[in-house]
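[1] build me a model from this:
(one chain, ligands or ions: 1)
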Amino acid sequence: MANKKEVWTIQTILNWTRQYFLDKGVENPRLDAEVLLSHILEKERLYLYVHFDQPLEEQELSAFRTAVKQRAARLPVAYIIGSKEFMGLDFNVTPAVLIPRPDTEILVEAALSRLRAVENACILDIGTGSGAICISILANLPTAKGVTVDISPEALTVAKGNAAKHQVEDRLIFCQGDLFTPVKGQRFTAILSNPPYIPAGDISGLTPEVRQEPNLALVGGEDGLDFYRRIIQEGRNYLVDNGFMAMEVGIGQAQLVAAMAEATGCFKVKEIVKDYGGIERVVVLEVLYV
Ligand code: GLN
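    Below is the predicted model of the structure:
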């Protein structure tokens with residue numbers, strides 16, 4: 001691409017990039033080429049299809065080349081373009097935060113279906129990252145408030161930017177710290193979390209893209225369950241009496257997490273929700289009256 005003299009059009013550059021990405025092992029080569037190009041041209045993807053013959057200007061080409069190099073080095077598209085759609089909202093992302101996944105929308109939907117009936121709900125989002133979970137809930141529930149906790153100050157900066165972007169920052173508090181440490185003595189309607197849940201030994205087997213996401217957001221100790229142990233152990237102290245907890249889990253973890261929660265005697269397992277691939281993805285726990 002670098003030395004070619006002829007004019008590059010939207011169509012010829014997309015074809016070239018698709019093949020280049022394919023050779024580099026990128027999973028969706030054509031789609032990624034289109035997303036990157038439409039980002040650089042500041043247009044919708046559809047625009048590309050109705051302007052196939054449009055020639056690219058030198059500065060567009062140069063910006064696209066940089067993006068193509070990054071993607072070929074297996075940087076996720078969301079980090080290159082700096083954003084990811086989640087629950088119909090556009091979230092800013094940087095390599096300091098996990099990229100929001102469609103699976104996590106299952107967690108948000110499960111929480112929303114319970115919270116819609118509650119006036120003035122107060123939500124605690126543990127390990128908020130980009131803020132996607134809490135912010136999308138607040139954007140859907142005008143009377144709800146939230147507290148987000150993350151151990152990473154860089155992640156909280158991203159989350160704050162997203163809260164402002166979606167105009168919920170006046171209903172959201174940001175706390176830096178480890179799990180419940182910054183919210184001692186407070187009680188919430190719901191505790192929500194997509195904690196790090198990948199077993200430490202599995203990280204090397206993940207795709208190059210996932211390995212560029214923060215380890216802090218991925219690794220859940222030796223068996224992947226460390227954060228569930230701590231959240232379940234301590235969680236009851238931070239919930240109101242009719243409160244609930246909803247957590248995303250990894251493949252094969254739902255029943256283990258459910259058993260862990262029941263063993264405390266503080267929770268009943270209200271629901272285990274499957275994701276679009278049929279995998280048990282979200283565990284919903286309710287406070288048990290005794
Ligand atoms: N869902 C992420 C993955 O793809 C893991 C996120 C997490 O550990 N919570 O692997």
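[2] which stretches of the stretch 101-250 of the chain aren't confidently modelled?
    Regions of the stretch 101-250 of the chain meeting the criterion pLDDT under 70 are absent.
[3] what does the stretch 101-250 of the chain put close to the ligand?
    Where proximity means C-beta under 6 Å from any ligand atom, the interface of the stretch 101-250 of the chain facing the ligand comprises R101, N194, P195, P196, Y197, I198, V210, L218. Every C-beta, even on glycine, is put in place using the N, C-alpha and C of the backbone.
[4] if we use 5 Å, what do you get?
    Contacts of the stretch 101-250 of the chain with the ligand, taken as C-beta under 5 Å from any ligand atom, map to N194, P196, Y197, I198, L218.
[5] number of nearby residues for G278?
    7 (other C-beta atoms under 10 Å).
[6] pLDDT value on it, please?
    At G278, the pLDDT value in this model is 96.
[7] one step back: for the residues of the stretch 101-250 of the chain next to the ligand, work out which two are farthest apart.
    When C-beta to C-beta is used, the two most widely separated members of these are N194 and I198, lying 11.8 Å apart.
[8] more neighbours: these two, which one.
    Comparing N194 with I198 by neighbour count (other C-beta under 10 Å), the higher total belongs to N194, at 27 against 18.
[9] so the residue most central in space within the chain, which of the three states?
    Averaging the C-alpha coordinates of the chain gives a centre point, and the residue nearest to it by C-alpha atoms, centre = their mean is P100 (1.8 Å). State at P100, reduced to three classes by DSSP: H, G, I helix; E, B strand; the rest coil: coil.
[10] what residues does the host helix or strand of M247 touch?
    Following DSSP states H and E, the helix or strand that holds M247 is strand 239-248. Contacts of strand 239-248 with the rest of the structure, by C-beta atoms under 8 Å, 6 or more residues apart in numbering, involve 103-104, 106-107, 110-111, 114, 187-195, 197, 228, 231-232, 235, 257, 261, 267, 270, 281-287, 289.
[11] what about the residue of the stretch 1-150 of the chain at minimum distance from the ligand, how many neighbours?
    At 5.1 Å from the ligand, R101 is the closest residue in the stretch 1-150 of the chain, using C-beta to the nearest ligand atom. R101: 16 surrounding residues under other C-beta under 10 Å.
[12] for it, grab phi and psi.
    Summarising the backbone geometry of R101 under the convention degrees, to the nearest 10, its torsions are phi -110, psi 150.
[13] just E27 next, same as before
    Here the main-chain torsion angles of E27 (degrees, to the nearest 10) amount to phi -70, psi -40.
[14] same question, the one 5 residues further on
    Comment: the main-chain dihedrals of D32 come out as phi -60, psi -40, following degrees, to the nearest 10.
[15] show the pLDDT at it.
    At D32, the model reports a pLDDT of 98.
[16] for it, what are its contacts?
    With contact set as C-beta under 8 Å, 6+ apart, D32 has these partners: F21, V26, R71, V77.
[17] likewise for P142?
    By C-beta under 8 Å, 6+ apart, the contact set of P142 is empty.
[18] mind checking the SS state of it?
    coil.
[19] Throw the contacts of D32 into JSON lines and include distance to A155, thanks.
    Written out in JSON lines, the entries for the contacts of D32 read as follows (distance: C-beta to C-beta, whole Å):
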{"residue": "F21", "distance to A155": "29"}
{"residue": "V26", "distance to A155": "26"}
{"residue": "R71", "distance to A155": "23"}
{"residue": "V77", "distance to A155": "20"}
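[20] any idea how far apart the tips of stretch 71-88 sit?
    Separation of the first and last residues of stretch 71-88 by C-alpha to C-alpha, to the nearest Å is 24 Å.
[21] does the ligand have contacts with it?
    No: Stretch 71-88 is not in contact with the ligand by C-beta under 5 Å from any ligand atom; minimum separation 10.9 Å.
[22] quick check: buried residues in that stretch?
    Counting neighbours by 16 or more other C-beta atoms under 10 Å, one finds that the buried residues in stretch 71-88 are 71-72, 74-80, 83-84, 86-87.
[23] need the contact list for the nearest residue to E262 once chain neighbours are set aside.
    The shortest distance from E262 to any non-neighbouring residue, by C-beta to C-beta, 6 or more residues apart in numbering, is to V269 (6.2 Å). If a contact means C-beta under 8 Å, 6+ apart, then V269 has A258, A261, E262, V283, V284, L285 as its contacts.
[24] quick check: the farthest pair among those residues?
    Taking every pair in those and measuring C-beta to C-beta, the maximum separation is 13.0 Å, between E262 and V284.
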